[in-house]
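Q: the following comprises the amino acid sequence and a computationally predicted model.
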Amino acid sequence: MDSKNLGGILDKINELRALFIFGQRVIPFLEELFYFVHDIVPVLEEINLSICESASKMPRASSQLNKVTQATELATTEILDNLDRVLSRLNTIDSQFQAATNDLEALDVLDKKSVGAVRTATDHGNKELLQEIVGLHEQKQTHLKRIRENAEKLEKDLKDIRSKSNDIMISLQVQDITAQQIASVNHLIESVQERLSGLIDKFKLSGADLIEEIKKAENHSFDPDASYDHSTYKQKTADEVIKDANDLRNKLDAIKDAISKSTSQDEIDRLFGKGVQ
Amino acid sequence: MKFLVIDDSQTMRRIVNNSLRTLGYEDIIEAEDGKDAITKLYGDKVDFIITDWNMPNMSGLEFTRAVRADEQYAQLPILMVTTRGMKDDVIEALKARVNNYIIKPFTPQVLKEKIDLILKTA
């Protein structure tokens, strides 16, 4: 063995020593890593189980939401049916009330005629009888005045009931709007369920057999931004857009008309300059 | 004047129907979606259409485009009643050539106003 070979062996020993030193430093870290993996496995299993459980609960949540929509639709239909009956009864009451008012006025006219006839008949005769009849007529007029006042109040109340019934009907639009909101949430649940099912399939997670498919809503269409908002801001914006579009259309029609009638270039330029930039 | 009311929600069809009756319009037929409405439109004489936007099978927008593509219905009044209230939605509906646009929830007053306006300019 020459000195060159000996030097090589010493280098190798040094490398081994360095390796052992590195090993001594790395082993505690490896131990820590081992304990970490040991601890994390149950957590990961719990997460897997949680994913499977969540995914398995989603079809039920979706089904419950669909039931809410069905129940509110049914209740709304019942309310609308009852409102139809109320409005129909109000129409009947209105007609009866109108007939009673007309009869009352006819009675008043007849009464006045009767007093007139008695006045003529007793003009030169029984003054006391005339006085008594006139007194009775005045009392009747007082009662009639009160009946008319009450009738006016009743008419106002009927109008108010009709108006409130119509308001209730209009408020029931909330059912359509909430149905769209629920459909939107259901769509979101379906998407999450699909993602989770994909994950479960990909990683072959335990408990996958617990998950059932969500029964998808058939061909449902909804506005995800539907809201029950009584402010007129959105309607005003829509009205402005429509007004602008109509103004523009009218100006274009005027230009087309002018061109078809061979109007002078000055007039056409004026139309363009005035409105359509 | 015969109205065709198109909405997939039974509740909304009844509300629009009742509102029209309150305004004095009695001749009303209904459809559940655009596809159903096309069948009813060709099978009946309709003077005025009130349609929702979001519906299954055929949306109100697709329905409007289909109706406008037929020359005989180019001028038929179409009023859209929808929850969609963004400016871009209104523009898209106008491009499809609806005559006017109502955002839900609406009042019978607004419905009357729009019908009158459409009939005045028709």
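A: Yep, that arrived. Residues are numbered from 1 along each chain as shown, chains lettered A, B, ... in the order given.

Q: and what about the most centrally placed residue in chain B, helix, strand or coil?
A: For chain B, B:Ile50 is the residue whose C-alpha lies nearest the centre (Cα atoms, centre = their mean; 1.8 Å). Recorded secondary structure, B:Ile50: strand (DSSP: H, G, I helix; E, B strand; the rest coil).

Q: surely B:Val5 is in contact with B:Ala31?
A: Yes. The pair B:Val5 / B:Ala31 is scored as a contact, 7.4 Å apart, by Cβ atoms under 8 Å. Yep, even glycine has a C-beta here, placed from its N, CA and C like the rest.

Q: run a quick neighbour tally on residue 10.
A: Answering for chain A, as no chain was given. Neighbour count of A:Leu10, defined by other Cβ atoms under 10 Å in any protein chain shown: 10.

Q: ah, no, chain B please
A: 16.

Q: now B:Lys45
A: B:Lys45 has 7 nearby residues by other Cβ under 10 Å.

Q: am I right that it sits in a strand?
A: No. Going by three-state DSSP, the assignment for B:Lys45 is coil, not a strand.

Q: state the distance from it to B:Lys2.
A: Using Cβ to Cβ, to the nearest Å, B:Lys45 is found at 6 Å from B:Lys2.

Q: what packs against the helix or strand that A:Thr72 is a member of?
A: Using DSSP states H and E, the element containing A:Thr72 is helix A:3-121. Contact here means 3 or more Cβ pairs under 8 Å, 6 or more residues apart in numbering or on different chains; DSSP states H and E; on that basis helix A:3-121 packs against helix A:127-171, helix A:173-203, helix B:10-22.

Q: including mean pLDDT and distance to A:Asn246, could these go into JSON lines?
A: Shown next, in JSON lines, are the helices and strands packed on helix A:3-121 (pLDDT from 0 to 100; distance: least, Cβ to Cβ, whole Å):
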{"stretch": "helix A:127-171", "mean pLDDT": "91", "distance to A:Asn246": "27"}
{"stretch": "helix A:173-203", "mean pLDDT": "88", "distance to A:Asn246": "27"}
{"stretch": "helix B:10-22", "mean pLDDT": "95", "distance to A:Asn246": "24"}
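
Q: relative to A:Phe20, which of those is closest?
A: For the helices and strands packed on helix A:3-121, distance to A:Phe20 was read as Cβ to Cβ. The smallest value, 39.4 Å, belongs to helix A:173-203.

Q: flag every buried residue along the closest one.
A: Buried residues in helix A:173-203, counting neighbours by 16 or more other Cβ atoms under 10 Å in any protein chain shown, are found at A:173, A:175-184, A:186, A:189-190, A:193, A:196-197, A:200.

Q: what does stretch A:113-132 give?
A: Per 16+ other Cβ under 10 Å, stretch A:113-132 contains these buried residues: A:115, A:118, A:130.

Q: one step back: so who does the residue nearest to the centre of chain B touch?
A: B:3-6, B:16, B:20, B:79, B:81 (Cβ atoms under 8 Å, 6 or more residues apart in numbering or on different chains).

Q: what do you get if the cut-off is 6 Å, keeping everything else the same?
A: Contacts for B:Ile50 (Cβ atoms under 6 Å, 6 or more residues apart in numbering or on different chains) come out as B:5, B:16, B:79, B:81.

Q: look up which helix or strand the first one falls in, please.
A: B:Val5 is part of strand B:3-6, with elements assigned from DSSP H and E.

Q: dump that strand to PDB, keeping only the CA atoms.
A: What follows is strand B:3-6, C-alpha atoms only, in PDB (Å, rounded to 0.1, in the frame of the first residue of the first chain):
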ATOM      1  CA  PHE B   3    -102.600  38.500 -22.900                       C
ATOM      2  CA  LEU B   4    -100.100  35.700 -22.800                       C
ATOM      3  CA  VAL B   5     -98.400  35.400 -19.300                       C
ATOM      4  CA  ILE B   6     -95.200  33.300 -19.200                       C
END
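
Q: for chain B, which residues are neighbours of chain A?
A: B:9, B:11-12, B:14-15, B:18, B:54-56, B:83-85, B:87, B:90, B:94, B:101, B:103-105 (Cβ under 6 Å from any Cβ of the partner chain).

Q: cutoff 8 Å now
A: Selection of chain B residues close to chain A by Cβ under 8 Å from any Cβ of the partner chain yields B:7-12, B:14-15, B:18-19, B:22, B:53-57, B:59, B:82-87, B:90-91, B:94, B:100-108, B:110, B:121.
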